[in-house]
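1. Here's a sequence, model it:
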Amino acid sequence: MRSKIIVTRPEEKSPLAYSGKCFETLNIPVTRLVRNRNVDTAKITAFMPTICVFTSSRGAEIFLELFTSGTISEAKVVAIGDKTSSTLSAMYHGVLVPEEKTSRGVNCLLNNIVKEGDRIVLFSSAKTNRVILRHLEERKWNHLSVELYDAETLDIDPVSQELAKSNCFGILVTSSMEATAIFGQRNSKSLTESDVAGKRVFAIGETTANALRELGIKVSEPVGKSDIKALLIEIERVYCN
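-> Below you'll find the predicted structure:
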């Protein structure tokens, strides 16, 4: 029987089922993505953005639903990763993706493309890690921050129950807000490092890894590069004999 790795990706993001040589995944969402129904589309249009930045595929999907007619058609579009880029390619050609598919990578890309007079809209979650937003503020670039959705914390008892099983190898946390949902003290049922003793805790990327470390959780190697499937393949390469 193959060991299981828990993946915490929200159902709204089309969970990836993986079955490899040694491991298979079990997706247990710990957050639910809730669309913001109060997005002011008129304000966004009036801002006349020249650069639009997207930090998730879910945010990209909501944006395309809001702007079906391609109202914002002249702006350069920046996507944090390939999945987000793929979603946006339904309306936009030449979507820019940073080499390092993280918030820090987006900041580096922006450093190279932002020119005087640019107007930047950051489309993100209400639970954004603020890495990109802080960069926009520090650079004093003309920008607008738009929260397209929020994340509600779900019951994490199913995660605890699966972690306790002998065939559970570990858990793959796919965002910093999920790290907080599982291990943050604001959650009355939050887990601690002792609850994951003997299990591996993997992170989808460095931002999530740093969030876990700040919560007192040891992060196992390898750390991902914002690609779940690629990370699972690398985990098998490292741990399967």
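2. which residue is nearest the middle of this protein?
-> Nearest to the mean C-alpha position of the chain, by CA atoms, centre = their mean, lies Ser175 at 4.7 Å.
3. Chain neighbours aside, what residue packs nearest to that residue?
-> Thr208 (5.9 Å; CB to CB, 6 or more residues apart in numbering). In this view, the C-beta of every residue, glycine as well, is placed from N, C-alpha and C.
4. list the contacts for the spatially closest residue to Lys127 that is not a sequence neighbour?
-> Computed as CB to CB, 6+ apart, the closest residue to Lys127 that is not its neighbour in sequence is Met177, at 4.2 Å. Counting by CB atoms under 8 Å, 6 or more residues apart in numbering, Met177 touches 31, 125, 127, 129, 151.
5. Determine which two of those residues are furthest apart.
-> Maximum pairwise distance among the contacts of Met177 (CB to CB): 14.0 Å, between Thr31 and Asn129.
6. neighbour-wise, which of the two wins?
-> Thr31 (25 against 20; other CB atoms under 10 Å).
7. quick one: contacts for the more buried one?
-> Counted by CB under 8 Å, 6+ apart, Thr31 has contacts 8, 10, 151-154, 175, 177-178, 181.
8. at 10 Å what do you get?
-> Going by CB atoms under 10 Å, 6 or more residues apart in numbering, Thr31 touches 8-12, 125, 127, 150-154, 156, 174-175, 177-178, 180-182.
9. May I see the buried residues of the longest strand seen in the chain?
-> Longest strand in the chain, counting residues (DSSP state E): strand 143-153. By 16 or more other CB atoms under 10 Å, the buried positions in strand 143-153 come out as 143-149, 151, 153.
10. Next: stretch 115-126.
-> For stretch 115-126, by 16+ other CB under 10 Å, it's 118, 120-125.
11. So in that sheet, which strands flank the longest strand of the chain, and in what orientation?
-> Strand 143-153 sits in its sheet next to strand 31-35 (antiparallel), strand 120-125 (parallel), going by DSSP bridges.
12. mean confidence for that strand?
-> Per-residue pLDDT over strand 143-153 has a mean of 94.
13. hmm, back to that, so which of the strands paired with strand 143-153 gets nearest Leu212?
-> Distance to Leu212, taken as CB to CB, is lowest for strand 31-35 among the strands paired with strand 143-153, at 15.1 Å.
14. mind giving me a markdown table with the buried residues of strand 143-153 and columns for distance to Ser19?
-> Listed next are the buried residues of strand 143-153 as a markdown table, based on distance: CB to CB, whole Å:
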| residue | distance to Ser19 |
| --- | --- |
| His143 | 43 |
| Leu144 | 43 |
| Ser145 | 39 |
| Val146 | 38 |
| Glu147 | 36 |
| Leu148 | 33 |
| Tyr149 | 30 |
| Ala151 | 28 |
| Thr153 | 29 |
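15. which among the residues you listed gets closest to Val223?
-> Taking CB to CB as the measure, Val223 sits nearest to Ala151 out of the buried residues of strand 143-153, at 21.9 Å.
16. what pairs with the residue lying closest to the closest one once chain neighbours are set aside across the strands?
-> Counting by CB to CB, 6+ apart, Ala151 lies nearest to Thr31, which is 4.1 Å off, once chain neighbours are set aside. On the basis of DSSP bridges, Thr31 is bridged to Thr153.
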